[in-house]
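A.B. asks: coords please:
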Amino acid sequence: MISVDYSLGIQIINFLFLIWALNVVLYKPIRNILIQRKEKITGLEQNIDVCNSDIKGKDDAFTSGLKEARVKGMGEKDALMQTATDEEKMIIEKINQKAQADLAEVREKVAKDAESVRASLQEELDDIAIAISHKILGRAF
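C.D. replies: As a prediction, the model looks like this:
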């Protein structure tokens, strides 16, 4: 049969001492390590969030900078194209003016040549007309 005597009190004191000893030696250090690990993980998660927001900001800045550079490049390209078009028009206009001047010179030369040929033919026309009339009439004047 079980008898309740002073050994029960010793067992209770032994049990309480064992719980206290385990708490001090084993459970508190493990709980402290778990708390430190949780704080470290929380800190790392916050760092990850900060890094992600920094990356997003830098990516947005890079994208906007790239867009601005493209817009600026297109503007410069358009300006250069406009300058090239203006220069092309000026060159074509100079060529047209020179061609018009050369054409006018050639026309003037052709007109002079035609006039001189016409004058020389006019002089010969009288001689040819006389020769033809002599042949047609069959006699000389």
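
A.B. asks: Could you pull up phi and psi at Val4?
C.D. replies: For Val4, the backbone dihedrals (degrees, to the nearest 10) come out as phi -90, psi 110.

A.B. asks: So for Ala99, what's the pLDDT?
C.D. replies: Note for Ala99: predicted pLDDT of 94.

A.B. asks: my bad, should have said Glu124
C.D. replies: Value for Glu124, per-residue pLDDT: 82.

A.B. asks: next one: Ile128
C.D. replies: In this model, Ile128 is scored at 81, pLDDT.

A.B. asks: And for Ala140?
C.D. replies: Spelled out, the predicted local distance difference test score at Ala140 is 59.

A.B. asks: Give me the most central residue, this structure.
C.D. replies: Residue closest to the mean C-alpha point of the chain, counted by C-alpha atoms, centre = their mean, is Arg70 at 3.6 Å.
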